[in-house]
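S.K.: Predicted coordinates and the sequence they were generated for:
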Protein chains: 2
Amino acid sequence: MTSLESLTPFFRPRSCAVIGASRKKGKVGNTIFANMLRSFKGPVYPVNPNARRVLGSKAYASVLDIPGEVDLAVIAVPARIVPEVMRECAEKGVRGAVIISSGFAETGNRALEEEVRRIARTTGPRVVGVNCLGILDTHSGVDMLFMPEEKIERPKKGDIAFISQSGAVGSTVLDMIAEQGIGISSFVSYGNATDVQDYERAEYLAVDPETKVVCAYMEGTKDGKMFLEHLKKATRINPVIVLKAGRTEAGRKAAASHTASMAGSDRVYDAAFREAGVIRAQDLQELFDMARVLSKQPLAKGDRILIVTNGGGFGVLAADEVERAGLKLAVLSKKSMRKLEKVLPEYANISNPLDLVGDAGPERYRAALEVALEDDNVDAVLCIGLFQTVSITPTVVDHVLWFSRKKKKPVVFCAAGSDYTRKHLKKLEDKGVPAFSFPERAVRALKALVEYGRINPEFDRIRGFKK
Amino acid sequence: MTSLESLTPFFRPRSCAVIGASRKKGKVGNTIFANMLRSFKGPVYPVNPNARRVLGSKAYASVLDIPGEVDLAVIAVPARIVPEVMRECAEKGVRGAVIISSGFAETGNRALEEEVRRIARTTGPRVVGVNCLGILDTHSGVDMLFMPEEKIERPKKGDIAFISQSGAVGSTVLDMIAEQGIGISSFVSYGNATDVQDYERAEYLAVDPETKVVCAYMEGTKDGKMFLEHLKKATRINPVIVLKAGRTEAGRKAAASHTASMAGSDRVYDAAFREAGVIRAQDLQELFDMARVLSKQPLAKGDRILIVTNGGGFGVLAADEVERAGLKLAVLSKKSMRKLEKVLPEYANISNPLDLVGDAGPERYRAALEVALEDDNVDAVLCIGLFQTVSITPTVVDHVLWFSRKKKKPVVFCAAGSDYTRKHLKKLEDKGVPAFSFPERAVRALKALVEYGRINPEFDRIRGFKK
């Protein structure tokens, strides 16, 4: 069995057992069982030797008593009895175990954790955790998040996978992206990484048919060589974006005390990421900006960006960021300029940023986008449409969607403002055009499409963006 | 008359005339007159030779026919008759004129603009504009924004002044900060800067009693020496934060074609800003992050930041940013550590970031904040409270507000998430604790309090934060 196949039961099991399924509301084992019962599509069995029923389901004293097969076990029992429970799982033929329980190496019980690792690596089952927040999979309905429901929203179904070394970063980010309407395929928090490693998960999710983009928050890895090797394979299939914390001396010390990670020299990581074809996010916001863009828009064939705007200042800020990000401003062809001269007023400057001027209406945007689509000097478009002006109308949104549907070149949109503006941004975002309030963020997100275009130019053909 | 006094009629006039007050809805002169009628506290006179009444008010054929005094004239008539209108204003004794009209140097009519400048500098009135979006003052009710009302919200009354060289950046940002609940004192967009210069406005707003923080978006200035001289005075009174666009070669070219600004070498600007005590924002988002923090929180006496968190990962990200921003992690005193040992569980690591651990409730936050307040090694606090965890409660918000009310050291808050989290962030923000979703942004905003603490340590005493 390859490492990848051995991870399938964690995300797409046929059946689950929740070991430690409590009857008491508020208990971790109760919350997880309730979540699984509500959202998992296959059978879910509660295991609790002190209960006959949990939330209306017949309870079993041991996983061995369950009549049907069990693919995945979620383990939420005191740390000291985890090895015993795992041995029963092995006997039952359980293929994967997520160990939520804490009280292992992170509190000094290294021997206990070593025992768990030994069982996982000899008889099985393979282990995600220990001391973790577990897994959420919007496609199979696996949901182990034990945070109170009123405190955290679940993201909708989508094609972005998220791997987090930190449970808190994981749950917080899920809650935040749920509100932003970003969809995910799978989420996994891996706690102490006792058995299954970060790079295995990354590679698994990269080949997962429901996933198109893999995002990860990490502080350090245990085996740099294996990490590099597996990520190299992963990035040939789907984009992998990593936010690596512990980049500075201060951050490294903090990471050492948080996840006992050897955060290592940032230069070494930087070189490794580059070699592996991993896209590096600079902060938490950028991680998901990049993921949104990679999930929805085609790759850029080159680094020449056209900025189209009805506000000169936003154009200048975007141009600054294009240069800072190491991208280039596209130089329009003579043919494009002649076309634009016919549509734009005399006082408009046909250049890049292409300032359509404050009194621009939708027809100027249409002309600019047509030119951008056809001009071979343009690889990607940042379209800025400030909705506060008198002449702009919602038709601009339709023109941008027209451009985006061609799936020929990437486009992102930028506008800032309150309700009226937000309504248009939401429409664009819902229909696959990533929309930003700040020009700098829009440019940095576009950069991911340029970078991955170099790493894996075949990606668009494979995911069906190109005929 | 000093330059500063000459600007008072622009922001706090006793009476206004709108010259070119149209009866036709949707016309610039109609929108401005309607806005002024609705929100300006003193008398407003419409001037329109072709109407007897405008929106129910008696109209005058010329400013000279108005019976009462006129402090401020808003001019929205065709460019070619602007000089004539200005001469009438001079005869009437009007002290300030805002010229909204376009069609001057920006479209090639340099001689016409030169004539306006000559009138302004000889007989007066002084001129803001030409070709500008004008002024909004939440205290006097002056409101010249001629964008359609359904497209743009007005910010509430507050103490942040905003100066924008670009009308589009100005109106967009106003709309955005209105939605975020940030209050402003005055806004001015200055278009071609025919007469009154950017540095005069900055200095005026710095001494304005309703203003505590001055923000500016600029692409370039006409007179570097005067700019430096006036800003030096301004920053001794109130903080001045500038977002200077056109920092890169690409941005400089874009600025030249946008506002005909000589954006100049970024190093020269950087040195000038440093000499003048101007705080420099790196992007549009940071400009207002810094303004919010400076407006609400006391200055930091030094650069030593304490990070308090219930999520290790957010702590690591914040620590990284502290170092990148050139700040330091505070080292807690022995006394503080002993106090914390009594309250925190054994498995908590008493360090900085101070990780209160995932099961932290409000009492651990209380203890951490008490220590932070008393420990002389701590200059500022970033409090991270991820609300998704089981143990955290809204009482944490009260503890942070308690710390903030002492006005002894600055505190900012960070939490990310959906509705439940947002509710708490809003409460904090409304009560004066700037709240952020991303730890990196929170740290960069804190930096402004450290910087201005060095530039003008007396600021807190003067604004009444200290007894």
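M.R.: Sure thing, it's come through.
S.K.: What is the least confident helix or strand in chain A?
M.R.: helix A:249-259 (a mean of 85; mean pLDDT, DSSP states H and E).
S.K.: Now do the buried residues in it.
M.R.: Of the residues in helix A:249-259, those buried under the neighbour-count criterion (16 or more other CB atoms under 10 Å in any protein chain shown) are A:Ala250, A:Gly251, A:Arg252, A:Lys253, A:Ala254, A:Ala255, A:Ala256, A:Ser257, A:His258, A:Thr259. Quick note: C-beta positions are derived from backbone N, CA and C, even for glycine.
S.K.: Let me have these in CSV, extended by distance to B:Gly246.
M.R.: Shown next, in CSV, are these (distance: CB to CB, whole Å):
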residue, distance to B:Gly246
A:Ala250, 33
A:Gly251, 32
A:Arg252, 36
A:Lys253, 39
A:Ala254, 37
A:Ala255, 38
A:Ala256, 42
A:Ser257, 43
A:His258, 41
A:Thr259, 42
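S.K.: Considering only those residues, which also neighbour chain B?
M.R.: Filtering the buried residues of helix A:249-259 for neighbours of chain B using CB under 8 Å from any CB of the partner chain leaves A:Ala250, A:Gly251, A:Lys253, A:Ala254, A:Ala255, A:Ser257, A:His258, A:Thr259.
S.K.: Which residue is the nearest non-sequential neighbour of the last one?
M.R.: With CB to CB, 6 or more residues apart in numbering or on different chains as the criterion, A:Thr259 has its nearest non-adjacent residue at 5.1 Å, and that residue is A:Glu219.
S.K.: ok, now the second one?
M.R.: With CB to CB, 6+ apart as the measure, B:Asp320 is the residue that lies nearest to A:Gly251, at 3.5 Å, once sequence neighbours are left out.
S.K.: secondary structure class for the one you found?
M.R.: Classification of B:Asp320 into helix, strand or coil gives helix, according to DSSP: H, G, I helix; E, B strand; the rest coil.
S.K.: Give me the distance between the host helix or strand of A:Val412 and the centre of its chain.
M.R.: A:Val412 is part of strand A:411-414 when elements are defined by DSSP states H and E. If you compare the mean C-alpha spot of strand A:411-414 with that of the full chain, they lie 20 Å apart, counting by CA atoms, centre = their mean, to the nearest Å.
S.K.: Which is the succeeding secondary structure element to it?
M.R.: Secondary structure here is assigned by DSSP H and E; on that basis, the next helix or strand after strand A:411-414 toward the C-terminus is helix A:419-430.
S.K.: near chain B at all, that next one?
M.R.: Yes - judged by CB under 8 Å from any CB, helix A:419-430 comes into contact with chain B at A:Asp419, A:Tyr420, A:Thr421, A:Arg422.
S.K.: now, among the residues you listed, which is nearest to A:Glu286?
M.R.: Minimum separation from A:Glu286 among the residues of helix A:419-430 next to chain B (CB to CB) is found for A:Arg422, which lies at 21.3 Å.
S.K.: give me the number of residues near the residue nearest to that closest one when sequence neighbours are not counted?
M.R.: Closest residue to A:Arg422 apart from its sequence neighbours, by CB to CB, 6+ apart: B:Glu179 at 7.8 Å. The number of residues packed near B:Glu179 is 16, by other CB atoms under 10 Å in any protein chain shown.
S.K.: tell me how far stretch A:21-33 is from the chain's mean position?
M.R.: A distance of 28 Å separates the centroid of the chain from that of stretch A:21-33, by CA atoms, centre = their mean.
S.K.: And that stretch, what's buried?
M.R.: Applying a neighbour-count criterion of 16+ other CB under 10 Å, one finds A:Ala21, A:Ser22, A:Arg23, A:Val28, A:Gly29, A:Asn30, A:Thr31, A:Ile32, A:Phe33 buried in stretch A:21-33.
S.K.: Looking at these, which are in helices?
M.R.: Using DSSP state H, the members of the buried residues of stretch A:21-33 that fall in helices are A:Val28, A:Gly29, A:Asn30, A:Thr31, A:Ile32, A:Phe33.
S.K.: max-length helix in chain A?
M.R.: helix A:439-455.
S.K.: So which other helices or strands are in contact with it?
M.R.: When contacts are defined as 3 or more CB pairs under 8 Å, 6 or more residues apart in numbering or on different chains; DSSP states H and E, helix A:439-455 packs onto strand A:279-280, helix A:284-296, helix A:312-324, strand A:380-384, strand A:411-414, helix B:284-296.
S.K.: Off-centre distance for that helix?
M.R.: Mean-position distance between helix A:439-455 and its chain equals 15 Å (CA atoms, centre = their mean).
S.K.: avg pLDDT for it?
M.R.: The average pLDDT within helix A:439-455 is 97.
S.K.: Please name the residues that touch A:Val70.
M.R.: Taking CB atoms under 8 Å, 6 or more residues apart in numbering or on different chains, we find A:Val70 in contact with A:Ser15, A:Cys16, A:Ala17, A:Tyr45, A:Val63, A:Cys89, A:Lys92, A:Gly93, A:Val94.
S.K.: Secondary structure class of it, three-state.
M.R.: Of the three states, A:Val70 takes coil under three-state DSSP.
S.K.: Spell out which parts of the stretch 251-400 of chain A neighbour chain B.
M.R.: Counting by CB under 8 Å from any CB, the residues of the stretch 251-400 of chain A close to chain B are A:251, A:253-255, A:257-259, A:283-285, A:310-317, A:319-324, A:329, A:347, A:349, A:351, A:353, A:355, A:358, A:386-390.
S.K.: can you rerun that using 6 Å?
M.R.: Within reach of chain B by CB under 6 Å from any CB of the partner chain, the stretch 251-400 of chain A has these residues: A:251, A:254-255, A:257-258, A:283-285, A:311-313, A:315-317, A:319-320, A:322-323, A:329, A:347, A:349, A:351, A:353, A:386-388.
S.K.: Next secondary structure element downstream of the least confident helix or strand of chain A?
M.R.: The first helix or strand that comes after helix A:249-259 along the chain, using DSSP H and E, is helix A:266-276.
S.K.: Okay, buried residues for that next one please.
M.R.: Burial within helix A:266-276, assessed by neighbour count using 16+ other CB under 10 Å, is assigned to A:Asp266, A:Tyr269, A:Ala272, A:Phe273, A:Ala276.
S.K.: Likewise for stretch A:338-352?
M.R.: Using 16+ other CB under 10 Å as the burial criterion, the residues of stretch A:338-352 that qualify are A:Lys339, A:Leu340, A:Val343, A:Leu344, A:Ala348, A:Ile350, A:Ser351, A:Asn352.
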